[in-house]
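Peer 1: Could you work out the structure for the sequence below:
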Amino acid sequence: MNKYLRRFLYVIILVMALACFALAGLKLYNLQTTTTKEPKKTEKVPEQKATTKKLSLIMVGDALIHEAVYNAAKTSDGSYDFKPKIAKIKPIIQNYDLAFYNQESIIGGKSLGLSTYPRFNSPEEVGDAFLDAGFNLVSLANNHTLDRGEQAILNSLNYWQDKPIYTAGSYESWEQRDNIKIETKNGIKYALLAYTTVTNGLSRPQGKEYYLNVYDEEQVKKDVESLKDKVDLLMVSMHFGTEYSLKQNAEQEQIANYLASLGVNIVIGHHPHVIEPITFINDTLVIYSLGNFISGQRTVDQLTGLMVGIDVIKEEDNPIKLENLSAEFTYTKTRNLTTGAFDFEVIPYNELDENILPNFSEHKLKYAEIVNQLGANAQIK
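Peer 2: Now for the predicted structure:
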């Protein structure tokens, strides 16, 4: 190979080498000057948990204050003290957010003169005891509301005014009657309506029918529709049924079905003075009769009352759900076991013994069967 060819090859090799070095330098430069971007981290958005609101409710029956009951509550200074009569129930009531009862005998007060069957009038201290125990819902609509006339109703309304309790069924004006209260507890809005189907033949004063809500389908529909879109929980207290019957009658079933069709959540029944079944009509809880809570009546059926507990659950904008249905029985002991004198006291069945009520276990089984015979599946305590 001559020297010219060798020189040419050296030049070619040199050029190629320089080109390779230049290319490597360019890559190194780009590597050093280019900003490396880390991939974006995907931030986990915490799951939005549904806001759950809960309201607990307990319901008991009639406070029917016969003469023997208020005489047993009379103190040495002439006043009355009913608090010991329901002291064993107080711890149970205070476990609940809302507690309902029916004030069967009107609280017209001592100034009007106390009275018993058939035209009742009770002292103010009855209300004091129920307030002290924690009750904060009361029905004033029943067949004894009109017993002692207009003055007793006015005295009753005056007594309950400004007390920490929601009253329903008896009002001081058309305006008050037509503007039903809406209250809120634990973030749940609720309202209570109350009606009676019976008045013992007594008539409301003309033009003052607001003193007592008497059941009327058209009026009930109007009342319910004025409230149901404004509240989460709508309760209706119904004074209906056949006295001393352990089973609901056809009228009760018709009314319960009608209220359920209107969208009422809970129907709270009383008047028979004995326990009747619990059921669900679609999503509506129906208690046909809670029986007597405290009274001066005589038979075991009449002295046994029902306490019904339920949890009201609301999640965001969904309708409420009713959960944890329970039933517990009470017994009104009428006499002092030592002296035999009248000494009324409401006692949970779970605290009874054979001295207070012989065969109380058998009675409890009987009432448990009555409560659940329509398939409510209430937990019996």
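Peer 1: now the strands for the stretch 201-350 of the chain?
Peer 2: Counting by DSSP state E, counting those that start in this stretch, the segments of the stretch 201-350 of the chain that form strands are 233-239, 266-270, 278-281, 284-287, 292-294, 304-315, 321-335, 342-348.
Peer 1: roughly how far apart are Ser79 and Lys85?
Peer 2: As judged by CB to CB, to the nearest Å, Ser79 and Lys85 stand 14 Å apart. C-beta: built from backbone N, CA, C; applies to glycine.
Peer 1: sorry, that was for Asp132
Peer 2: Distance check for Asp132 against Lys85: by CB to CB, it reads 11 Å.
Peer 1: Equivalent analysis for Ser115, please.
Peer 2: Where Lys85 is concerned, Ser115 sits at a distance of 19 Å (CB to CB).
Peer 1: Walking through the chain, point out its helices one by one.
Peer 2: For the chain, the helices defined by DSSP state H occupy 3-33, 67-72, 90-93, 124-133, 149-160, 174-178, 217-227, 250-262, 300-303, 360-372.
Peer 1: could the ones you listed be laid out in CSV, adding mean neighbour count and distance to Met238?
Peer 2: Below are those laid out as CSV (neighbours: other CB atoms under 10 Å; distance: least, CB to CB, whole Å):
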stretch, mean neighbour count, distance to Met238
helix 3-33, 10, 85
helix 67-72, 19, 24
helix 90-93, 16, 22
helix 124-133, 21, 20
helix 149-160, 18, 20
helix 174-178, 13, 17
helix 217-227, 15, 10
helix 250-262, 17, 6
helix 300-303, 20, 20
helix 360-372, 17, 17
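Peer 1: How about the contacts made by Leu157?
Peer 2: With contact taken as CB atoms under 8 Å, 6 or more residues apart in numbering, Leu157 is in contact with 167, 170-172.
Peer 1: Determine which of the strands of the stretch 201-350 of the chain approaches Leu193 most closely.
Peer 2: Each of the strands of the stretch 201-350 of the chain was scored for nearness to Leu193 using CB to CB, and the closest is strand 233-239 (4.8 Å).
Peer 1: In the sheet, which strands lie alongside the closest one, parallel or antiparallel?
Peer 2: Applying DSSP bridges to the sheet, strand 233-239 is found paired with strand 188-196 (parallel), strand 266-270 (parallel).
Peer 1: now that strand and strand 304-315, what's the angle there?
Peer 2: Strand 233-239 and strand 304-315 meet at an angle of 160 degrees, taking axes from the mean of the first three to the mean of the last three CA atoms, to 10 degrees as the criterion.
Peer 1: Poorly predicted segments of this structure, please.
Peer 2: In the predicted model, the chain carries pLDDT under 70 at residues 1-50.
Peer 1: related to what we said a few turns ago, for the contacts of Leu157, which single residue is the most surrounded?
Peer 2: Ser170 (26 neighbours; other CB atoms under 10 Å).
Peer 1: Distance of it relative to Gly149?
Peer 2: For Ser170, the distance to Gly149 under the criterion CB to CB works out to 13 Å.
Peer 1: Kindly report the same for Leu262.
Peer 2: 33 Å.
Peer 1: again, but for Lys181
Peer 2: Taking CB to CB as the criterion, Lys181 is separated from Gly149 by 26 Å.
Peer 1: if we can go back for a sec, out of Ser79 and Lys85, which sits in the busier spot?
Peer 2: Neighbours per residue (other CB under 10 Å) separate Ser79 from Lys85, with Lys85 holding more: 23 against 13.
Peer 1: can I assume the more buried one is in contact with Phe342?
Peer 2: No: at 11.2 Å, Lys85 does not count as touching Phe342 under the criterion of CB atoms under 8 Å.
Peer 1: got any residues that touch both of those two?
Peer 2: The contact sets of Lys85 and Phe342 overlap at 69, 72 (CB under 8 Å, 6+ apart).
Peer 1: give the contact list for the residue nearest the centre of the chain.
Peer 2: Compute the mean C-alpha point of the chain, and by CA atoms, centre = their mean the closest residue is Leu57, 3.2 Å away. Residues near Leu57 by CB under 8 Å, 6+ apart: 96-100, 266, 309-312.
Peer 1: Please identify which of the residues you listed is nearest to Gly108.
Peer 2: For Gly108, the nearest member of the contacts of Leu57 is Phe100. The distance, counting by CB to CB, is 21.6 Å.
Peer 1: ok, what's across the strand from the closest one?
Peer 2: Taking DSSP bridges as the rule, Phe100 bridges to Met59, Leu137.
Peer 1: Okay, it and Thr116: tell me how far apart.
Peer 2: In this view, Phe100 and Thr116 are 24 Å apart by CB to CB.
Peer 1: about what we covered before: for the strands paired with strand 233-239, could you give me CSV that also reports mean neighbour count and distance to Gln206?
Peer 2: Supplementary listing: those in CSV, determined by neighbours: other CB under 10 Å; distance: least, CB to CB, whole Å:
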stretch, mean neighbour count, distance to Gln206
strand 188-196, 23, 18
strand 266-270, 27, 28
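Peer 1: Make JSON lines out of these and add distance to Ile65.
Peer 2: Listed next are the strands paired with strand 233-239 as JSON lines, based on distance: least, CB to CB, whole Å:
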{"stretch": "strand 188-196", "distance to Ile65": "18"}
{"stretch": "strand 266-270", "distance to Ile65": "15"}
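Peer 1: Alright, that wraps it up for me.
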